[in-house]
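**Q** need the 3D shape of this:
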Amino acid sequence: MGLFDEFKMRGVRIPNRIVVSPMSQYASKDGFANDWHFAHLSRFALGGAGLIFTEATAVEAQGRRTHGDLGLWQDDQIDELKRIVHFIKSEGAVAGIQLGHAGRKASERRPWDGETPVDDTDIAERDEAPWPTLGPSAIPYAGGWHIPEEMTRADIERVKYAFRDAAARAASAGFEVIEVYAAHGFLLHQFYSPIANVRLDDYGGSFENRVRLCLEVADSIRLVWPEERALIFRISATDWVDGGWEVEESIELARLLKARGVDAIDCSIGGIGGRGRPRRMTLEEGFQVPFAERIRHESDIATVAVGMIWSADFADRVVQEGRADLVAIARELLADPNWPLKAMGSLGIEREPFENWKPAFGWWLNKRERLVRKLGLR
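**A** Residues are numbered from 1 along each chain as shown. You can find the predicted model right below:
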């Protein structure tokens with residue numbers, strides 16, 4: 001098995017193992033997708049990726065990270081997403097959506113506006129007001145951040161059903177894969193990490209209590225998500241700080257999620273915030289792959305490897321060596337949406353140049369290639 005072999009999850013056939021990782025664009029207004037999102041996501045389908053995810057899509061307005069986040073908390077938001085899904089499918093790729101809730105990381109400025117909490121200055125400069133945030137405990141994300149309200153049981157129930165309702169809307173839009181965003185300090189990660197959760201009720205304290213909301217969200221989604229469609233959870237395999245969540249706990253969480261109808265784990269790390277300094281880790285291509293490998297083999301569940309993967313050879317080896325089932329790529333695809341097609345060429349999966357490209361591109365590029373070779377120019 002290699003990078004360009006088909007992968008099947010339930011009734012979903014992904015034509016290759018390349019996943020377009022969710023990439024926030026901060027281009028939405030009131031949660032609605034628009035032409036920017038259509039252009040952004042459609043070009044990955046033209047470029048040959050197998051599974052294409054939307055950016056993190058909030059399940060309720062209060063759960064947006066920024067004013068520019070996508071949302072799926074009301075029926076009116078379905079139609080624009082349906083248009084995107086239709087195009088992705090028409091080009092032979094699979095459309096996925098990432099559903100999330102930012103919790104205490106909500107009410108944040110866009111990265112290029114500071115990636116800090118929204119305050120009164122944003123009202124004057126961008127007509128964007130802050131909003132109240134929620135978390136498992138009244139602990140701020142970092143120094144200088146707002147203190148979230150500790151969620152009541154009613155809040156927890158509302159959020160759980162918000163995931164369910166957003167999943168039902170995702171089904172109506174035609175998405176075939178849901179990824180639940182339970183990583184990088186978003187709400188579900190806040191619940192399972194002891195860094196952010198010091199509750200004393202059934203949702204805090206023990207491992208079983210801290211993962212409870214993840215499991216209940218999986219159950220809630222599976223109530224409305226068609227049996228033949230796939231469900232993935234993205235988790236932070238480790239908080240990467242002392243006293244935080246560790247990979248051994250991720251292995252157990254993955255086992256529990258599999259029993260609840262989750263089909264794969266997307267394995268990232270970190271993002272929980274707080275005052276603790278991240279532990280040292282060698283940063284190199286695919287530095288997070290070992291987490292996907294451990295969870296895949298020790299939890300007996302499919303995994304997605306992600307993080308600083310840019311070469312076709314490396315991505316292909318990850319799959320061939322059984323370290324992960326799928327490889328998610330973000331910035332490299334942002335820089336070159338045709339990366340999958342070029343990877344096929346570099347891995348020798350074509351008889352002649354550009355044969356796997358759409359004819360509207362490939363025919364012209366092949367003609368030029370023949371000419372420049374004939375003239376000895378390349």
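
**Q** quick one: the strands in this protein?
**A** Listed in chain order, the strands of the chain (DSSP state E) span residues 7-9, 12-14, 18-20, 51-58, 70-71, 94-100, 134-135, 149-150, 177-182, 230-236, 264-268, 302-306, 326-329.

**Q** got the contact list for the residue nearest to residue 216 when sequence neighbours are not counted?
**A** Nearest residue to residue 216 in three dimensions, chain neighbours excluded: residue 160, at 5.5 Å (CB to CB, 6 or more residues apart in numbering). For glycine as for every other residue, the C-beta is placed from the backbone atoms N, C-alpha and C. Residue 160 makes contacts with 213, 216, 217, 220, as judged by CB atoms under 8 Å, 6 or more residues apart in numbering.

**Q** can I get those residues in JSON lines including neighbour count and distance to residue 139?
**A** Below are the contacts of residue 160 laid out as JSON lines (neighbours: other CB atoms under 10 Å; distance: CB to CB, whole Å):
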{"residue": "213", "neighbour count": "25", "distance to residue 139": "16"}
{"residue": "216", "neighbour count": "18", "distance to residue 139": "22"}
{"residue": "217", "neighbour count": "28", "distance to residue 139": "21"}
{"residue": "220", "neighbour count": "21", "distance to residue 139": "25"}
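
**Q** list the ones among the residues you listed that fall in helices.
**A** In this view, these that belong to helices under DSSP state H are 213, 216, 217, 220.

**Q** what's the most distant pair in the residues you listed?
**A** 213 and 220 (9.9 Å; CB to CB).

**Q** what's the local residue count around the nearest residue to residue 234 once chain neighbours are set aside?
**A** Using CB to CB, 6+ apart and skipping residues adjacent in sequence, the residue nearest residue 234 is residue 266, 3.8 Å away. Using other CB atoms under 10 Å as the criterion, residue 266 is surrounded by 29 other residues.

**Q** my read is that residue 266 contacts residue 328, right?
**A** Yes - the criterion here is CB atoms under 8 Å, and residue 266 meets it with residue 328 at 6.5 Å.

**Q** mutual contacts of the two, please.
**A** Common neighbours of residue 266 and residue 328 (criterion: CB under 8 Å, 6+ apart): 304, 306.

**Q** and the helices in the protein, which stretches?
**A** For the chain, the helices defined by DSSP H cover 35-46, 78-90, 120-126, 153-173, 187-192, 207-210, 212-224, 247-259, 289-299, 312-320, 331-335, 339-346, 359-374.

**Q** for residue 312, give me its contacts.
**A** Residue 312 touches 3, 339, 342, 343, 346, 347, counting by CB under 8 Å, 6+ apart.

**Q** which of those are buried?
**A** With neighbours counted using 16 or more other CB atoms under 10 Å, these contain these buried positions: 3, 339, 342, 343.

**Q** now the two most distant members of those residues.
**A** Spanning the widest gap among the buried ones among the contacts of residue 312 are 3 and 342, at 12.2 Å by CB to CB.

**Q** so for stretch 228-235, mean pLDDT?
**A** Within the predicted structure, the mean pLDDT of stretch 228-235 is 98.

**Q** and if you look at stretch 133-140?
**A** 98.

**Q** in PDB, could you pull the C-alpha coordinates for that stretch?
**A** Below are the C-alpha coordinates for stretch 133-140, written out as PDB (Å, rounded to 0.1, in the frame of the first residue of the first chain):
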ATOM      1  CA  THR A 133     -16.500  32.400  26.400                       C
ATOM      2  CA  LEU A 134     -17.100  29.000  28.100                       C
ATOM      3  CA  GLY A 135     -14.700  26.300  29.300                       C
ATOM      4  CA  PRO A 136     -14.700  23.300  31.600                       C
ATOM      5  CA  SER A 137     -13.300  25.400  34.300                       C
ATOM      6  CA  ALA A 138     -12.800  29.200  34.900                       C
ATOM      7  CA  ILE A 139      -9.200  29.000  33.800                       C
ATOM      8  CA  PRO A 140      -8.000  31.400  31.100                       C
END
